[in-house]
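Q: I'll drop the sequence and a predicted model, then ask my questions.
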Amino acid sequence: MSQREWVEKDYYAELGVSKNASQDDIRKAYRKLARENHPDSNPGDTAAEDKFKRISEANNVIGDPAKRKEYDEFRAQVSSGGFGGFGSPGGTTYTTTGGDFDLGDIFGGAAAGGGGGAGGFSDLFGGLFNQSRGGGARTRPQRQRGGQDVETSLTLSFREAALGETVQIKLSSASPCLTCHGSGAKPGTSPKVCGTCHGAGMTQRTQGAFGFAEPCPDCGGTGSKIDDPCTDCRGSGVTDRIRTINVKVPAGVQDGQRIRLSGQGEAGFRGAPSGDLYVTVTVQKDAVFQRDGADLLVDLPVSYPELVRGARVSVPTLTGRVTVKVPAGSRDGQVLRVRGRGIARKSGTGDLKVTLSVATPPAGMAEEELVRYEDALREAGFDPRSGWAGSS
């Protein structure tokens with residue numbers, strides 16, 4: 001996490017505490033918000049997922065007394081103008097005795113490659129916040145340029161989504177070079193430790209009372225040099241190819257939900273960590289089933305005599321059929337519940353909800369029998385609209 005992010009983000013506000021809050025208050029605030037916004041408690045809720053990430057990031061900084069002290073001191077320096085043009089938008093130029101450099105380039109840090117990012121704001125001030133007691137700045141290893149995250153989509157049937165499924169997808173993306181296995185060096189050779197930065201990826205210089213760390217000019221901040229690069233990837237350790245990936249879809253996944261596969265995104269530069277793969281799931285509609293959370297919904301066609309006299313009817317589920325008892329005197333639209341035959345999720349298995357729906361015979365079918373049935377009801381004194389809408 002770079003100090004640039006510290007300038008832009010108010011972690012105290014994210015957790016809803018004051019800047020003078022005790023560590024215990026910060027811990028309590030984080031635990032409360034984490035319970036409310038945890039992804040397991042809010043499946044498919046992207047807003048809650050984003051909130052959970054933000055409060056976790058805030059807690060990682062101000063929940064740690066040492067990082068909190070550094071965070072407070074750094075923001076105080078920036079707000080007081082202690083670092084000149086910092087905070088200005090775009091490519092602010094900062095003048096030193098060694099010439100000019102563009103802060104926009106430093107903020108951009110990493111070249112193409114997303115996730116990891118090399119150099120950057122935290123490297124510029126690495127020496128300032130990590131000085132030894134003897135006054136010399138400690139050089140921190142340069143962060144590798146990780147691969148970018150990748151997004152794709154997957155279409156599942158209703159039953160596949162409800163029961164869970166392992167699905168293979170083909171993905172064309174930047175992947176570790178098969179020739180050099182991601183090292184960037186020609187087979188039979190290996191990268192050498194940079195003699196200028198001794199593998200740290202950073203070099204030091206002083207400016208007045210401060211020590212500054214900068215990407216090593218000889219190795220570009222990687223900490224290593226390749227004398228004989230791989231001919232297939234030209235020393236990057238990365239090539240574009242089609243991969244087959246097994247996606248394990250959890251039972252109960254919902255339409256529009258995203259599945260994260262850690263490390264299955266684009267490969268990083270010269271063996272750096274790969275990005276993540278995000279798979280957005282589309283669930284097809286089913287001719288028989290619908291769902292309400294973990295509950296499985298099905299409409300059951302029944303005849304009028306079955307409603308009046310009761311019946312035992314076979315009903316489909318995701319894993320077979322069950323027999324449902326229709327009580328005598330049931331009503332059209334009545335819902336019958338079968339416990340534990342719904343969709344299985346981490347929070348528990350839902351129920352099967354069966355809605356009774358009267359099926360009427362087509363016109364002209366058994367006409368004489370229907371007339372006799374109607375006459376019998378009338379003779380018995382039955383009026384379907386008795387008491388309805390003020391009728392007598």
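A: Done, it's in. Residues are numbered from 1 along each chain as shown.
Q: So residue 174 lies in a strand, does it not?
A: Yes: membership of residue 174 in a strand is supported by DSSP: H, G, I helix; E, B strand; the rest coil.
Q: Distance of it relative to residue 274?
A: Shown here: residue 174 relative to residue 274, a distance of 9 Å by C-beta to C-beta, to the nearest Å. From N, CA and C alone the C-beta is placed, and that goes for glycine too.
Q: Mutual contacts of these two, please.
A: Common neighbours of residue 174 and residue 274 (criterion: C-beta atoms under 8 Å, 6 or more residues apart in numbering): 147, 266-267.
Q: And the buried ones among the residues you listed, selectable in PyMOL?
A: To isolate the buried subset of the shared contacts of residue 174 and residue 274 in PyMOL, counting by 16 or more other C-beta atoms under 10 Å, use the following:
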select buried, resi 147+266+267
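Q: with the shared contacts of residue 174 and residue 274 in mind, which one is nearest to residue 370?
A: Closest to residue 370 out of the shared contacts of residue 174 and residue 274 is residue 266 (69.3 Å), distances taken as C-beta to C-beta.
Q: what residues are up against the closest one?
A: Per C-beta under 8 Å, 6+ apart, neighbours of residue 266: 113-114, 147-150, 173-175, 238, 274-275.
Q: what bridges to the residue nearest the centre of the chain?
A: Computing the C-alpha centroid of the chain and ranking residues by C-alpha atoms, centre = their mean puts residue 260 first, at 5.6 Å. Assessed by DSSP bridges, residue 260 has beta-bridge partners residue 278.
Q: again, but for residue 243
A: Beta bridges link residue 243 to residue 171, judged by DSSP bridges.
Q: what residues are up against it?
A: Contacts of residue 243 by C-beta under 8 Å, 6+ apart are 170-173, 175.
Q: go on, residue 187?
A: So residue 187 contacts 179-180, 230 (C-beta under 8 Å, 6+ apart).
Q: Repeat that for residue 294.
A: 252, 342-345, 347-351.
Q: go again using 7 Å as the cut-off
A: 252, 342-343, 345, 347-350 (C-beta atoms under 7 Å, 6 or more residues apart in numbering).
Q: which secondary structure elements does the longest helix seen in the chain contact?
A: When the chain is parsed with DSSP state H, its longest helix is helix 46-62. For helix 46-62, the elements it packs on are helix 11-15, helix 23-37, helix 65-79, judged by 3 or more C-beta pairs under 7 Å, 6 or more residues apart in numbering; DSSP states H and E.
Q: Can you give me the pLDDT of residue 167?
A: At residue 167, the model reports a pLDDT of 92.
Q: That one contacts residue 245, doesn't it?
A: No: counting by C-beta atoms under 7 Å, residue 167 does not reach residue 245; the two are 9.3 Å apart.
Q: overlap in contacts of these two?
A: Looking at what touches both residue 167 and residue 245 (by C-beta under 7 Å, 6+ apart), there is no common residue.
Q: Could you work out the end-to-end span of stretch 217-232 for me?
A: 25 Å (C-alpha to C-alpha, to the nearest Å).
Q: sorry, that was for stretch 38-55
A: Start-to-end, stretch 38-55 (C-alpha to C-alpha) is 10 Å.
Q: Show me which residues of that stretch are buried.
A: Buried, per 16+ other C-beta under 10 Å, within stretch 38-55: 43, 48-49, 51-52, 54-55.
Q: what's the answer for stretch 280-298, then?
A: Buried, per 16+ other C-beta under 10 Å, within stretch 280-298: 281, 283, 289, 291, 294-298.
Q: Check stretch 239-252 too.
A: Buried, per 16+ other C-beta under 10 Å, within stretch 239-252: 239, 247, 249, 251-252.
Q: And the helices in the stretch 251-392 of the chain?
A: Taking DSSP state H, counting those that start in this stretch as the criterion, the stretch 251-392 of the chain carries its helices at 304-309, 367-379.
Q: Redo those helices as JSON lines? Include mean neighbour count, distance to residue 332 and mean pLDDT.
A: Below are the helices of the stretch 251-392 of the chain laid out as JSON lines (neighbours: other C-beta atoms under 10 Å; distance: least, C-beta to C-beta, whole Å; pLDDT from 0 to 100):
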{"stretch": "helix 304-309", "mean neighbour count": "14", "distance to residue 332": "7", "mean pLDDT": "89"}
{"stretch": "helix 367-379", "mean neighbour count": "10", "distance to residue 332": "17", "mean pLDDT": "82"}
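Q: Now go through the shared contacts of residue 174 and residue 274 and say which are in strands.
A: Assigned to strands by DSSP state E, none of the shared contacts of residue 174 and residue 274 qualify.
Q: Just put the shared contacts of residue 174 and residue 274 in CSV and tack on distance to residue 333 and pLDDT.
A: Compiled in CSV, these are given as follows (distance: C-beta to C-beta, whole Å; pLDDT from 0 to 100):
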residue, distance to residue 333, pLDDT
147, 54, 84
266, 53, 89
267, 57, 89
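Q: Closest to residue 327 out of the shared contacts of residue 174 and residue 274?
A: For those, the closest approach to residue 327 (C-beta to C-beta) belongs to residue 266, at 59.3 Å.
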